[in-house]
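Engineer: Build me a model:
(chains A and B)
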Amino acid sequence: MTTVVRGATYANSYRDSVELMGIAAELERLPGIVRAGLVMATPANLGVLAEAGMTAAAAEGVRPSDMIVAIAAETDEAAAAALARADELLTAGASGGGGTEDEGTGSQAAAPSTLRDALERLPEANLALISTPGTYATAEAVKALKHGLNVFLFSDNVSVEDELELKRLAAARGLLVMGPDCGTAIVGGIPLGFANAVRRGPIGIAAASGTGLQQVSTLVHRYGSGISHALGTGGRDLDERIGGSTMLAATKLLLDDPSTTVVVLISKPPSARVAAAILEAVRDATKPVVVTFLGGDPAAIRAVGAHPAATFEEAARLATRLAGWVQDAGGTTDDVTMEDAATNALAAATGRLVHRDATIVGLYSGGSLAGEAKLVLKGALGPGRHDRIIDLGDDEYTVGRPHPMIDPRLRNEHIVATGDDPGVGVLLLDVVLGYGSNSDPAGAMVPAILDARQRAASAGRHLAVVGSVVGTDEDPQGLALQERLLKQAGVALEGSNARAAGLAAAIIVAARGSATAGGTAVG
Amino acid sequence: MSESRMQSMLTDGVRAVNVGLAGFAEPIREHGAPVVALDWRPPAAGDRDLGLLLARLEDDPIDGVGRQIAAANATVMERILAARPMLLDVRPAAEALGLGERTLLHSGPPIAWERMCGPVQGAVIGACLFEGWAATPDEARALADSGAVRFEPCHHRSAVGPMAGVISPSMPVLVAENATGGNRAHATLNEGLGKVLRFGAYDASVMERLHWFADVLGPALSAVLRSTGPIDLKAITAQALQMGDEGHNRNVAATSLLTRILAPAIVSTLPTATAVAMLGFLRGNDHFFLNLSMAASKVTMDAGHGVPGSTVVTAMSRNGVDFGIRLAGTGDRWFTAPVGVPDGLYFPGYGPEDANPDLGDSSITETAGIGGFAMAAAPAIVRFVGGTPADALGFTRLMEKITLARNPGYGLPALAFAGTPTGIDTRRVVETGIAPVINTGIAHREAGVGQIGAGIARAPLSCFEDALRALAGTLPMEGGQ
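Structural biologist: Residues are numbered from 1 along each chain as shown, chains lettered A, B, ... in the order given. Down below sits the predicted model:
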């Protein structure tokens, strides 16, 4: 079959990649379309088009500020239809669009296009949320800092050198840079980025982990307490090269903040030197400090008078209790024991259905949740196993496509594939709700889960599916609805990711010990 | 110690600017916090390094470079806005500009004879004939070919000329003085339309007019100005902007106002025949004030020139081949790029294929915040590009995005008397990709045919990019570049 390549160029017409990828996905569903790509004409993107054999779609002399629609189709007619549809979608999306503004039309109050313009509209602004492509993010952040704005820097692909420059500029101005690659924060009840809707309360969080922050803040909410501020630092802040600059600033902010009575610090394992510096900053603090450095040494934390927590759930329970919410915390020993008992019973029952040599596959959208799951599994099952915990939000999976929290397609492909993998007995999942996430992540995942279970069953195996939902009853997706959809699809749901990973491990333990291993039952 | 700005964000609550993904603004708004969403596009047309350079050149009270630029621009703008251009006199160029023998000034950035476009070469030939350096056009051409004529931009002598902008030693020039700063600037006398030197014509009628300028009009104007005293050019422009002029392509109101001011002195000072000829000439030349507007603009912008660190554009000019700009902070350096053909309407029988690329020093008016920048004052002009009165307002509003101030002396009725956008900031041009708008006449590409249309030109962005890089080179930049 031959394909034709057609393209259209929209000069000086910037759209963010999330929108463009959404339109491309819709075009690819049209009949006769082999491939559709909508990209800004940056050198990198032109390279991507060349790799895809779609160079012909790019006009001569395009500039990085131009947007290209590239179509590979079976026929000219199909390509033309796709280009027309793309134009419709692009036009529909251009509400208040600035494309014509350059030509001097008399439009009254076009949206501001530079930070300086925006500050004329809101001179008292104190924060810039920056989510441009990483290539341009440093410049936007430098401008914001120079204008005296704190920065929430969602963008990734910002170099270490740039991050250092930004944090140096910020420090000299008494400003906070959250990020780069900061997914989430909550400042005084205002959600930034991929945050959840959580109650305000006395617990302050400083986190170098986006989903770790989400997990702790949502659990604190479920336990009846709330969040004063949850400040993100970006994942690389605790790297040796950055030295925890933002974490140190955020920790001090929370220790000084009158609305915060308990401080929680969260990170993937920091460098030893940075960890020491941060712990030194909370030594003998006037407020209780809970520290979760995934895989870190609890003794070092105790040594400065802080409270170590091995998992995000433990951090949330501990913080809630320290904040005085003992009554409603759901964090009493009794509650935990009851949950543990239920988990054990479920594990025992499921373990009988799963092959004794079965492995666990974890398909994660949250990087820190994946990291936490690995630790829990290693703790419960020991080393030397062949379980695979995959962070599908990692750069290697997200080049040229949306994050799995937004677009479920990539994870769904992986889910279905586990149904055909004879070695897999347990599928472990996270579902992350909140602003910015997919509007119905559970619903989008259910068909793939059912498909995977069906494939396994057809091959005479049981595929246990275990998961947890990070979210609250106030999130736009609704925690209860999302949980119900997953339960209906046969997912064994736990209240936290650590607990879900624990159940996955318990199933394996039960399967090893089960006399009837071999998997004849169908779930 | 007072509260840091990160602390006040926690205590006062978030007030945000959203730069990037539109969806991030919504939850903030839903939770009742103020948020302004940018219609963000990559700055500097997606050139990452230039975008970063821009960020590092941003005003900043803390960083040394940002502080220097802000202070330099404040000084420049203060001088520009405080300038009071007065018309003092009309003197021969040899005297007023110190023009030596065999030296001709031309519009735009420097250019050699060989590279000059048709209309400029025509004007050079005409000037050689007028000065008596050559007896025939062929002799004039041979003289220029031989290298015996020295060429220099008008701008190098604090002068400006429309279109070809050729000034020779015997031509009378307007002398404008800035009553605030004391600096002076000069411009030729406007010849009117038709066969004129500035479009490269050099036939007998052109020569006859040039001689009348040198022998009669120039000395007569000088005498009249001695009688009236210095004439406040800014006051005339301010009134004209409220009467449908924009100070570049439409000058009928300002010319009329000037004539009204001069008329009594013309009648009382000059012999009747001269007075009649002069008033007749003013009556027949709607654009007479253009050259005064240019001299006023030049004296205003020169007042702000030469402040290290300033990103303000103090000259934009074209020679029909290159477009050039100068910055207040980069001294006498020109930053040039090839100049294009204006977008406009053509007189019957002509079209874009006949047009010369954009030409003349008259874009000094836009540099000073009038002309295309004051299009809101002159809806009639916008018809040159098939536009509507709303478009006229749009052009002025668009120029607000690339300028540092609104000139309180030049209120625009259609914009609730907001001042004209003044002081082009090179940083804003590069960041937004919004090129300055220039109202302009369109010359025929062949010498002497004259004006064949009028329209709007946009300054080429690469001049501004180069200028910004050069300015950064004069500053103690931290970080990489």
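
Engineer: What is the burial count for the residue of chain B found nearest chain A?
Structural biologist: Of all residues in chain B, the one sitting closest to chain A is residue B:46 (2.5 Å; CB to the nearest CB). C-beta here means a position set from N, CA and C on the backbone, and glycine is covered the same way. By the criterion of other CB atoms under 10 Å in any protein chain shown, residue B:46 has 23 neighbours.

Engineer: swap in residue A:376?
Structural biologist: Residues within reach of residue A:376, counting by other CB under 10 Å, total 24.

Engineer: quick one: it from residue A:313, how far?
Structural biologist: In this view, residue A:376 and residue A:313 are 10 Å apart by CB to CB, to the nearest Å.

Engineer: next one: residue A:293
Structural biologist: In terms of CB to CB, residue A:293 sits 15 Å off from residue A:313.

Engineer: Could you do residue A:152 as well?
Structural biologist: As defined by CB to CB, residue A:152 lies at a distance of 26 Å from residue A:313.

Engineer: These two: who's more crowded?
Structural biologist: Higher neighbour count among residue A:152 and residue A:313: residue A:152, with 31 against 26, using other CB under 10 Å.

Engineer: ok, that one - contacts?
Structural biologist: By CB atoms under 8 Å, 6 or more residues apart in numbering or on different chains, the contact set of residue A:152 is A:127, A:128, A:129, A:130, A:178, A:179, A:182, A:185, A:192, A:193, A:232.

Engineer: just those that are near chain B?
Structural biologist: A:127, A:128, A:129, A:130, A:192, A:193 (CB under 8 Å from any CB of the partner chain).

Engineer: and the fifth one, that one's in a strand?
Structural biologist: Pointing back at residue A:192 there. Yes. For residue A:192, which was evaluated using DSSP: H, G, I helix; E, B strand; the rest coil, the result is membership in a strand.

Engineer: Just give me the neighbour total for the closest residue to residue B:68 other than its chain neighbours.
Structural biologist: Among residues not flanking residue B:68 along the chain, residue B:309 sits closest, at 4.3 Å (CB to CB, 6 or more residues apart in numbering or on different chains). Counted with other CB under 10 Å, residues neighbouring residue B:309 total 22.

Engineer: My read is that residue B:309 contacts residue B:64, right?
Structural biologist: No. Counting by CB atoms under 8 Å, residue B:309 stays clear of residue B:64, with 10.2 Å between them.

Engineer: Would you mind naming what in the stretch 51-200 of chain B lies close to chain A?
Structural biologist: Residues of the stretch 51-200 of chain B found near chain A, taking CB under 8 Å from any CB as the criterion, are B:51, B:52, B:54, B:55, B:56, B:58, B:59, B:60, B:62, B:63, B:66.

Engineer: So which of those residues sit within helices?
Structural biologist: B:51, B:52, B:54, B:55, B:56, B:66 (DSSP state H).

Engineer: where does the stretch 351-500 of chain A have low pLDDT?
Structural biologist: Scanning the stretch 351-500 of chain A with the threshold set as pLDDT under 70 gives A:400.

Engineer: follow-up on the earlier one: name the member of the ones next to chain B among the contacts of residue A:152 with the most neighbours.
Structural biologist: Across the ones next to chain B among the contacts of residue A:152, the neighbour count under other CB under 10 Å reaches its highest value at residue A:130, namely 35 neighbours.

Engineer: what about the helix or strand in which residue B:409 is found, near chain A?
Structural biologist: Using DSSP states H and E, residue B:409 falls within strand B:403-412. No. Strand B:403-412 lies out of reach of chain A by CB under 8 Å from any CB, never closer than 10.5 Å.

Engineer: Mind listing what's buried along the next helix or strand after that strand?
Structural biologist: Downstream of strand B:403-412, the next assigned helix or strand under DSSP H and E is strand B:418-424. By neighbour count, with 16 or more other CB atoms under 10 Å in any protein chain shown as the criterion, the buried positions of strand B:418-424 are B:418, B:419, B:420, B:421, B:422, B:423, B:424.

Engineer: Just the pLDDT at the closest residue to the second one other than its chain neighbours, thanks.
Structural biologist: In this case it means residue B:419. Ranked by CB to CB, 6+ apart and with sequence neighbours excluded, the top spatial neighbour of residue B:419 is residue B:406, at 3.4 Å. Residue B:406 is assigned 96 on the pLDDT scale.

Engineer: all helices of the stretch 201-350 of chain B, in order?
Structural biologist: Secondary structure of the stretch 201-350 of chain B (DSSP state H, counting those that start in this stretch): helices at B:204-212, B:218-228, B:233-241, B:252-269, B:272-284, B:288-304.

Engineer: For the ones you listed, state which one has the densest average packing.
Structural biologist: The highest mean neighbour count among the helices of the stretch 201-350 of chain B belongs to helix B:288-304 (a mean of 28), with neighbours defined as mean count of other CB atoms under 10 Å in any protein chain shown.

Engineer: could you give the mean pLDDT of it?
Structural biologist: Helix B:288-304 comes out with an average pLDDT of 98.
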